[in-house]
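S.K.: can't give you the sequence, but here's the structure:
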Ligand SMILES: Nc1ncnc2c1ncn2[C@@H]1O[C@H](COP(=O)(O)OP(=O)(O)OP(=O)(O)O)[C@@H](O)[C@H]1O
Ligand SMILES: O=P(O)(O)OC[C@H]1O[C@H](OP(=O)(O)OP(=O)(O)O)[C@H](O)[C@@H]1O
Ligand SMILES: [Mg+2]
């Protein structure tokens, strides 16, 4: 029996979001012993239980208050929301954070030889999708009538199999579309993974644990997008060098032993440093340039 006083978090068991969801929680200091087949895992060092489920079930688990938090793609969350509303429910949840993984888009795609003259090309067409409500919301707004063909997977095969004229499915690199002789014609929804909380009041202990987790997750995300930069540079080029480094506020500038003309500069930059920037720094006289990953940040 689950202990209701412990914070429950639902994550995808296996799929596109599972590895990064698990890693994020671990980087927040939650020690979890997740074995492959374990559907429920208890954190060793915090009052947190992790439920591993199909991603489609996560919005419902949060909206029904079965779990306190969930990590889910916005596409699945929005579809679940529209589905429940269409059934007359008034689903509630709290959006806590957009995360830095699970980027994808829900797009319309047609067989390569089918011309595209804007959404009106879809008038009266049969469209295969796993996201019937998002599709309907989009086409209803444009006043386009269509027939929906619900497929829970392998949507890209539908036109070739004669099941549909077009598809509405998730795209990331576009490789799956290309492999199936389809071309992307319109993006209808852009999605990332997000962290949601169930609505309703939680115990003070749970809510303060959530608040702590939010700060840690923000720290992890910020650290992933930042680099610690160390370099030596001519003192008179200081300003130009700092201008090359985005987001570097108040760098530390230290004298170099036995060299009055050069200084050491240490700073956090909020962008990955590209090779081109490194080359430009070098052209300004910088040397010993080190770019280091940052594990955690707290401001
Ligand atoms: N190609 C992609 N690149 C990045 N993120 C994606 C991609 N495809 C899907 N996603 C995101 O990851 C989520 C999960 O995708 P996945 O393909 O693992 O789902 P699934 O097959 O429905 O899994 P489950 O077995 O849990 O139901 C999607 O809802 C979307 O938010
Ligand atoms: O644009 P791409 O980079 O090719 O990615 C798009 C594919 O990724 C997802 O499926 P996934 O590979 O997760 O398999 P699934 O159909 O089993 O969910 C999605 O449903 C597409 O089929
Ligand atoms: Mg799913």
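M.R.: The structure has been received and is ready for your questions. Predicted model, so just to flag it, every value in this text is computed and none were measured. Residues are numbered from 1 along each chain as shown. Ligands and ions are numbered 1, 2, ... in the order given.
S.K.: which residues does residue 297 contact?
M.R.: 219, 222, 223, 226, 268 (CB atoms under 8 Å, 6 or more residues apart in numbering). Yep, even glycine has a C-beta here, placed from its N, CA and C like the rest.
S.K.: now do 6 Å
M.R.: Contacts for residue 297 (CB atoms under 6 Å, 6 or more residues apart in numbering) come out as 219, 222, 223.
S.K.: repeat for residue 219
M.R.: Per CB under 6 Å, 6+ apart, neighbours of residue 219: 296, 297, 298.
S.K.: Out of these, which is nearest to residue 14?
M.R.: residue 296 (27.5 Å; CB to CB).
S.K.: Could you count how many residues lie near the closest one?
M.R.: 12 (other CB atoms under 10 Å).
S.K.: How about the residues of the stretch 151-299 of the chain by ligand 2?
M.R.: With CB under 6 Å from any ligand atom as the criterion, the stretch 151-299 of the chain comes near ligand 2 at residues 153, 156, 169, 170, 171, 172, 173, 174, 175, 176.
S.K.: Of those residues - the most surrounded one?
M.R.: residue 169 (27 neighbours).
S.K.: what's the closest of the contacts of residue 219 to ligand 3?
M.R.: Set against ligand 3, the nearest of the contacts of residue 219 by CB to the ion is residue 296 (31.5 Å).
S.K.: Could you pull up phi and psi at that closest one?
M.R.: phi -140, psi 150 (degrees, to the nearest 10).
S.K.: Same question for residue 77.
M.R.: phi -60, psi -50.
S.K.: wait, what's in contact with it?
M.R.: residue 59 are the contacts of residue 77 under CB under 6 Å, 6+ apart.
S.K.: From ligand 1, how far off is it?
M.R.: To ligand 1, residue 77 is 9 Å away according to CB to the nearest ligand atom, to the nearest Å.
S.K.: Check residue 39 too.
M.R.: 12 Å.
S.K.: Name the nearest residue to that residue, sequence neighbours excluded.
M.R.: residue 52 (5.2 Å; CB to CB, 6 or more residues apart in numbering).
S.K.: ok, the one you found touching residue 12?
M.R.: No. Counting by CB atoms under 6 Å, residue 52 stays clear of residue 12, with 7.3 Å between them.
S.K.: of these two, who's got more company?
M.R.: Each of residue 52 and residue 12 has its neighbours counted (other CB under 10 Å); residue 12 has more, 26 against 20.
S.K.: correct me, but the more buried one touches residue 55?
M.R.: Yes. With contacts counted by CB under 6 Å, residue 12 reaches residue 55, the gap being 4.3 Å.
S.K.: Looking at the contacts of residue 297, which are in strands?
M.R.: Judged by DSSP state E, the subset of those located in strands is empty.
S.K.: I'd like to know which of the residues you listed is nearest to residue 201.
M.R.: Distance ranking of those against residue 201, using CB to CB, places residue 219 first at 26.2 Å.
S.K.: Residue 49 and residue 38, how far apart?
M.R.: Separation of residue 49 from residue 38 (CB to CB, to the nearest Å): 11 Å.
S.K.: higher neighbour count, the two?
M.R.: Using other CB under 10 Å, the more surrounded residue of residue 49 and residue 38 is residue 49, with 20 against 13.
S.K.: Where do the helices of the protein begin and end?
M.R.: 18-27, 58-63, 74-86, 132-141, 175-179, 204-224, 238-243, 275-283 (DSSP state H).
S.K.: Could you list the residues of the protein in contact with ligand 1?
M.R.: Within the chain, the residues that sit near ligand 1 (CB under 6 Å from any ligand atom) are 12, 15-17, 54-56, 73, 75-76, 102-104, 170, 172, 191.
S.K.: could you redo the last one with a cut-off of 5 Å?
M.R.: Contacts of the chain with ligand 1, taken as CB under 5 Å from any ligand atom, map to 12, 15-17, 54-55, 73, 75-76, 102, 104, 170, 172.
S.K.: Redo the residues you listed as JSON lines? Include distance to residue 196.
M.R.: Shown next, in JSON lines, are the residues of the chain next to ligand 1 (distance: CB to CB, whole Å):
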{"residue": "12", "distance to residue 196": "13"}
{"residue": "15", "distance to residue 196": "17"}
{"residue": "16", "distance to residue 196": "17"}
{"residue": "17", "distance to residue 196": "13"}
{"residue": "54", "distance to residue 196": "16"}
{"residue": "55", "distance to residue 196": "13"}
{"residue": "73", "distance to residue 196": "11"}
{"residue": "75", "distance to residue 196": "13"}
{"residue": "76", "distance to residue 196": "11"}
{"residue": "102", "distance to residue 196": "13"}
{"residue": "104", "distance to residue 196": "18"}
{"residue": "170", "distance to residue 196": "19"}
{"residue": "172", "distance to residue 196": "22"}
